[in-house]
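In: Got a sequence here, can you build the structure:
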Amino acid sequence: MTAQLPQVIHTYQHHILDSTRWQRYQPRADDIVITTSPKAGTTWMQEIVRQLIFSGQPDAPERHAVALWQVSLWLEQRTFPVDEVLNQLEAQQHRRFIKSHLPADALPFFPQVKYIVVGRDARDVAMSLWNHYAEFTDAYRERLNKFPGSDGSLLPPPPADFHTFWRAWITRGRFAWEREGYPFQGHLYHIQSWWNFRQLPNILFVHYNDLKTNLADELRRIADFLTIPLADAQLPAITQAVTLDAMREREAQLNPAMQEIWTEGAKTFFFKGTNGRWKDLLSDAELGLYTEKAAHLLTPDCRAWLEQGRVAIES
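Out: Numbering: from 1, shown residues only. Predicted coordinates:
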């Protein structure tokens, strides 16, 4: 049995996360929080929400001329001083949409805030996360390690190959209460923590697969959830703005820090955006590690949705 509302019971602190920073968050009645585990579709959803919010304001600089990370702030990120981030958040005059990688038991929950939870098959997440991790520059990894976890642990250099990364990621937790996700955080744990509260009216689940296969319908569903009017005539411009190529080009121009973080900048960050590449890489034994972990950590309905998207819960 779960509580009626999510409750904070865990603190996440490692090389980039500090969940205690949310203790100073003052919600506004129309705030939006986008929460995913890393590489499950965070940036894509941030850009979708940005385009929806500014769809009626074509000349707003925040729509195209400002880097996404400056419009949609990441509160628990430790690499920027918390006072600076909170001041930026307070100064925003547009509808705020905040990024988070925290599960439901580490993120303060407010009934007046809208939460969008994005899910993606764990095997696809692992492929994307490996590329993300393996392409960190040495300078950026050194910068991250100025912020050790609460246990003193640092972000290790990436292993020599994806298979080594996969075995650690799917079998070992970074935190004592997790059982997968090393050296970052649990992907399965994150989605199940939110799935337990999926009936709450201010939580919307969106699947990466559904965005890829039926973007127009998902845009309408997200707009309805956020009570943002969306005319059919607006869909083509929004759809174009949230393509991978458009996002890569825009962020490459507006965010030079990407070149400092990844060896190929925005090209590395956005990478392919495709699913199913794991089918050609993971052996039956390696896939068995996922099957065992998913059966242990996910309820059957959550697992079906995470692997298949809306079709799993609508059929």
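In: what about the strands in the protein?
Out: Secondary structure of the chain (DSSP state E): strands at 32-35, 97-100, 114-119, 203-207.
In: Which one of the ones you listed lies nearest to D161?
Out: When the strands of the chain are compared by CB to CB, strand 114-119 sits nearest D161, at 26.7 Å. From N, CA and C alone the C-beta is placed, and that goes for glycine too.
In: Including mean pLDDT and mean neighbour count, could the strands of the chain go into JSON lines?
Out: As requested, the strands of the chain are exported to JSON lines (pLDDT from 0 to 100; neighbours: other CB atoms under 10 Å):
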{"stretch": "strand 32-35", "mean pLDDT": "98", "mean neighbour count": "25"}
{"stretch": "strand 97-100", "mean pLDDT": "98", "mean neighbour count": "22"}
{"stretch": "strand 114-119", "mean pLDDT": "98", "mean neighbour count": "24"}
{"stretch": "strand 203-207", "mean pLDDT": "97", "mean neighbour count": "21"}
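In: Let me have these in a markdown table, extended by distance to T171.
Out: A markdown table is the format used below for those (distance: least, CB to CB, whole Å):
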| stretch | distance to T171 |
| --- | --- |
| strand 32-35 | 24 |
| strand 97-100 | 25 |
| strand 114-119 | 21 |
| strand 203-207 | 25 |
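In: Quick one: closest of those strands to Q51.
Out: Q51 lies closest to strand 97-100 among the strands of the chain, at 11.0 Å (CB to CB).
In: Tell me how far stretch 183-198 lies from the chain's centre.
Out: Offset of stretch 183-198 from its chain centre (CA atoms, centre = their mean, to the nearest Å): 11 Å.
In: Name the nearest residue to W177, sequence neighbours excluded.
Out: In this structure, W177 finds its nearest non-sequential neighbour in H10, 6.1 Å apart by CB to CB, 6 or more residues apart in numbering.
In: burial measure for the one you found, as a count.
Out: H10 has 17 neighbours, counted by other CB atoms under 10 Å.
In: cool, and H15?
Out: For H15, the count of nearby residues is 21 (other CB under 10 Å).
In: Grab the nearest non-local neighbour of R198.
Out: The nearest residue in space to R198 (CB to CB, 6+ apart) is F205, at 6.0 Å.
In: For that neighbour, give me its contacts.
Out: Shown in contact with F205 (CB atoms under 8 Å, 6 or more residues apart in numbering): V117, V118, G119, W194, W195, R198, W305.
In: pretty sure F97 contacts T35?
Out: No. Judged on CB atoms under 8 Å, F97 makes no contact with T35 at a distance of 11.2 Å.
In: So what's the gap between stretch 90-97 and the chain middle?
Out: 20 Å.
In: now stretch 40-52
Out: Here stretch 40-52 shows a centroid-to-chain-centroid distance of 9 Å under the convention CA atoms, centre = their mean.
In: Just give the number of residues close to R174.
Out: R174, neighbours per other CB under 10 Å, totals 21.
In: just to revisit the earlier point, quickly note the distance from the residue nearest to R198 to T299.
Out: Distance, F205 to T299, using CB to CB, to the nearest Å: 14 Å.
In: Identify the contacts common to those two.
Out: Residues touching both F205 and T299 (CB under 8 Å, 6+ apart): W195.
In: measure the residue nearest to R198 to T42 for me?
Out: 14 Å.
In: what bridges to Y115?
Out: Judged by DSSP bridges, the bridge partners of Y115 are V33, I203.
In: dump the residue contacts of it.
Out: Applying CB under 8 Å, 6+ apart, we find Y115 in contact with I32, V33, T35, F109, W194, N202, I203, L204.
In: let's see it at 7 Å
Out: Contacts for Y115 were tallied using CB atoms under 7 Å, 6 or more residues apart in numbering; they are V33, T35, N202, I203.
In: And those, which two are furthest apart?
Out: Farthest apart among the contacts of Y115 - using CB to CB - are T35 and N202, which lie 12.3 Å from each other.
In: count of residues packed around the nearest residue to I170 once chain neighbours are set aside?
Out: Spatial nearest neighbour of I170, excluding adjacent residues (CB to CB, 6+ apart): L289 at 4.9 Å. L289 has 17 neighbours, counted by other CB under 10 Å.
In: quick one: L289 from A237, how far?
Out: Per CB to CB, L289 is found 43 Å from A237.
In: Same check on F165?
Out: 39 Å.
In: quick one: which of those two has more around it?
Out: Counted by other CB under 10 Å, F165 and A237 do not tie: F165 has more neighbours, with 20 against 12.
In: close enough to count as contact, I228 and L52?
Out: Yes. At 4.9 Å, I228 and L52 qualify as touching, with contact defined as CB atoms under 7 Å.
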